[in-house]
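A.B. asks: Structure, please.
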Amino acid sequence: MTKTRFGLTALIAAAALALTACSAGASPDTETADGQAVTGSLTYVIGGDPTSLNPINVGDRWGLTTTNIVYSPLARVEGDGTVVNELAETIEPADDGLSVTVTLKEGLLWSDGEPLTADDVVFTYTNKAVRENGAADALWVGDAPITAEATDDRTVVFHLPSVSAAALSNIATETYIIPEHVYGDVTDFSGAELDPIAVGSGPYVLTKYERGQYLTFEPNENFYGEAPNIENLTLQIVPNADTVKTALQTGEADASFATPDQIDELSAAGLDIYPYSEGRVAYLGLNLAKLTDKDVRQALMFALDRNELNDAAYLSDEYYENAYTILPPSNAFATEDVEKYEQDLDAASAADGLTITLAYAGSDPAQTTQATLIQQQLKQAGVTVELAGVEGASIYTEIEKGADAKYDAFLGGYIMGADPDAYSALYRSGASSNFFHYESAETDALFDAGAAELDPEARGAIYDDLQAQIAEDAVIYPITDNLKILAVNSRIGGVEEAGLVPIYTMENFGLLTAK
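C.D. replies: The predicted structure follows:
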């Protein structure tokens, strides 16, 4: 026991030392060598290394955060569903629903000063649509990919294999454009990094990445939008929540996510608190390659108490909303007309005597709390749960092994956006992010029908059936849509202008200001 305490203390001290040594979020009276005050700096603490810095296949929170700082998409979908153009000047779907024409803004440049043209857009989408590169699902309609052609330097025409209601969202957003003149000789985009690591069109340029420590950025002089206000931006990597809290209180860090139990202390230290929804589903996922019996999977879910799990992790329903389906409760297509698996220990009897291993992110306070409670709740149903608190990204690497994986279940979460077709990447048979190893011809057919249906009411009915089908198959136990809570040093302004958004935290870090 003493040895364990010493190890934890040493880890926290080392993390604090690294944070102090590299903090770009210096207090306003920090001086340079010539005695001038340092201004315009921001240290934002993140919980781990990006899993990928390759815009073609990036899908993790910190990889996407970095990608959004360095690169740009054609457009974005806001929380209310409106489309905001970025590189695109106009996006026009054809009347027949079989093509989309995008016209780029004039004078776009890459961070190295080269022109950004329609050829770069075609190059990016063509490579992202390659299934082997790891993130092609949204760019396929049925069994064929969406294709792109440049008709002049500023115009790209996307051709759909068949009519798709989801295509406009899938084409316009979440694909970050990369330069053909830099990466044109690359033949395999399945890796986690590009070489050179980043030439983009976003507000910042990545200047240095020390794995496990930090990423630093400086303004992109060729950015097409408003020049960034923050001169020195650092993403500091510190996985320990207590270390992060201390750094926020002392001013060594300027911003980071906080937990509900930290709010009072951080507010008392003068930090501004910003709770906001990400449209997230936090869940208990089951490995169907190992838990093959649907009756047993359903029994496991009937043993659980969702309200107890959420109250323990988030303290108050002010910071969470119960989730019951694969869609977050705020989604316009979400329904509660599904099996909710309210706790029923009699219905849980089919799992009696089972032993499972549950993986969770050991650095995540909410997951740690919920994993312990799940262990206790399942024990009431005669199920033995062996807990495995590990590094978050390693869970998915292991669970991908299917029947050979060490884990029978895992805690996770996802943010997939407004259009329900995006969730096919998680639940369609063989999809790139189907970590549950779920295969269902019925579910696949419903995804196909929903994507092709143009009438909103009819489309809603299809997705009602889809949610009910996946709930019946007991693939995940949806737990919550919890609010993210961002704590920000009061010297940092412009948070509303920068825009609090899912996954990326800020829509544009460059619109923040520093005193």
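A.B. asks: from the chain's centre, how far out does stretch 281-299 sit?
C.D. replies: 23 Å (CA atoms, centre = their mean, to the nearest Å).
A.B. asks: Tell me the buried residues in it?
C.D. replies: For stretch 281-299, burial by neighbour count (16 or more other CB atoms under 10 Å) applies to 281-291, 296-299. From N, CA and C alone the C-beta is placed, and that goes for glycine too.
A.B. asks: so is Leu266 in a helix, a strand, or just coil?
C.D. replies: At Leu266 the chain is in helix, as set by DSSP: H, G, I helix; E, B strand; the rest coil.
A.B. asks: Okay, the closest residue to it other than its chain neighbours and Val45: tell me how far apart.
C.D. replies: Distance criterion CB to CB, 6 or more residues apart in numbering; nearest residue to Leu266, sequence neighbours excluded, is Ala487 at 4.8 Å. Ala487 sits 10 Å away from Val45, going by CB to CB, to the nearest Å.
A.B. asks: got it, and Ala334?
C.D. replies: Separation of Ala334 from Val45 (CB to CB) stands at 32 Å.
A.B. asks: now do Thr216
C.D. replies: Distance of Thr216 to Val45, computed by CB to CB: 14 Å.
A.B. asks: Please enumerate the shared neighbours of those two.
C.D. replies: Leu235 (CB atoms under 8 Å, 6 or more residues apart in numbering).
A.B. asks: So between those two, which is more surrounded?
C.D. replies: Counted by other CB atoms under 10 Å, Thr216 and Val45 do not tie: Val45 has more neighbours, with 27 against 19.
A.B. asks: residues touching the more buried one, list them.
C.D. replies: Taking CB under 8 Å, 6+ apart, one finds Leu19, Leu235, Gln236, Ile237, Val238, Val244, Ala247, Leu248, Ala253, Ala255, Ser256 in contact with Val45.
A.B. asks: The fifth one - how many residues pack around it?
C.D. replies: So that's Val238. Val238: 26 surrounding residues under other CB under 10 Å.
A.B. asks: if I read this right, it contacts Val244, doesn't it?
C.D. replies: Yes - counting by CB atoms under 8 Å, Val238 touches Val244, with 5.4 Å between them.
A.B. asks: okay, and the common contacts of the two?
C.D. replies: Counting by CB under 8 Å, 6+ apart, the residues touching both Val238 and Val244 are Val45, Ala253.
A.B. asks: what residues are up against Ile91?
C.D. replies: Leu74, Ala75, Val83, Asn85, Val100, Thr101, Val102, Leu168, Ile171, Ala172.
A.B. asks: Now which of these would you call buried?
C.D. replies: Leu74, Ala75, Asn85, Val100, Val102, Leu168, Ile171, Ala172.
A.B. asks: of the residues you listed, closest to Gly134?
C.D. replies: Using CB to CB, Ile171 comes nearest to Gly134 of the buried ones among the contacts of Ile91, at 18.5 Å.
A.B. asks: and the closest one, helix, strand or coil?
C.D. replies: Following three-state DSSP, the label given to Ile171 is helix.
A.B. asks: you'd agree Tyr423 is in a strand?
C.D. replies: No - assigned with three-state DSSP, Tyr423 falls outside any strand and is helix.
A.B. asks: Could you check how far the residue nearest to it when sequence neighbours are not counted is from Gly285?
C.D. replies: Nearest-residue entry for Tyr423: Met416, 5.2 Å, with adjacent residues in sequence omitted and distances by CB to CB, 6+ apart. As judged by CB to CB, Met416 and Gly285 stand 14 Å apart.
A.B. asks: same check, this time on Asn232
C.D. replies: From Asn232 to Gly285 the distance is 39 Å (CB to CB).
A.B. asks: thinking again about what came up before, would you convert the contacts of Ile91 into CSV that also reports pLDDT and distance to Ala268?
C.D. replies: What follows is those, written out as CSV (pLDDT from 0 to 100; distance: CB to CB, whole Å):
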residue, pLDDT, distance to Ala268
Leu74, 96, 44
Ala75, 93, 41
Val83, 82, 41
Asn85, 94, 42
Val100, 94, 51
Thr101, 96, 54
Val102, 97, 49
Leu168, 74, 47
Ile171, 85, 47
Ala172, 76, 44
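A.B. asks: Can you tell me which of the residues you listed end up in strands?
C.D. replies: Those of the contacts of Ile91 mapping onto strands are Ala75, Val83, Asn85, Val100, Thr101, Val102, per DSSP state E.
A.B. asks: For the fourth one, which residues are in contact?
C.D. replies: Residues in contact with Val100, defined by CB under 8 Å, 6+ apart, are Ile91, Glu92, Pro93, Ala94, Val157, Phe158, Leu160, Ala167, Leu168, Ile171, Ala172.
A.B. asks: That one and Ala138, how far apart?
C.D. replies: From Val100 to Ala138 the distance is 13 Å (CB to CB).
A.B. asks: And the third one, by the same measure?
C.D. replies: Distance from Asn85 to Ala138, counting by CB to CB: 19 Å.
A.B. asks: Could I get the contacting residues of the residue nearest to Glu132 when sequence neighbours are not counted?
C.D. replies: Spatial nearest neighbour of Glu132, excluding adjacent residues (CB to CB, 6+ apart): Ser190 at 5.8 Å. Counting by CB under 8 Å, 6+ apart, Ser190 touches Asn57, Glu132, Asn133, Gly134.
A.B. asks: from these, which two are the most distant?
C.D. replies: Greatest spacing in those, by CB to CB: Asn57 and Glu132 (9.9 Å).
A.B. asks: All the helices of the stretch 51-200 of the chain, in order from the start?
C.D. replies: 61-70, 118-128, 167-172, 180-183 (DSSP state H, counting those that start in this stretch).
A.B. asks: Output the contacting helices and strands for the second one.
C.D. replies: For helix 118-128, the elements it packs on are strand 99-104, strand 147-152, strand 155-159, helix 180-183, judged by 3 or more CB pairs under 8 Å, 6 or more residues apart in numbering; DSSP states H and E.
A.B. asks: quick one: the first one to strand 147-152, angle?
C.D. replies: Here strand 99-104 points in a direction 50 degrees away from that of strand 147-152 (axes from the mean of the first three to the mean of the last three CA atoms, to 10 degrees).
A.B. asks: In the contacts of Ile91, find the pair that's most separated.
C.D. replies: Val83 and Thr101 (14.4 Å).
A.B. asks: mind checking how far the spatially closest residue to Gly48 that is not a sequence neighbour is from Ser363?
C.D. replies: Of all residues not flanking Gly48 in the chain, Pro239 sits nearest, at 5.6 Å (CB to CB, 6+ apart). As defined by CB to CB, Pro239 lies at a distance of 4 Å from Ser363.
A.B. asks: what sits in contact with each of the two?
C.D. replies: Both Pro239 and Ser363 are contacted by Gly47, Gly48, under the criterion CB under 8 Å, 6+ apart.
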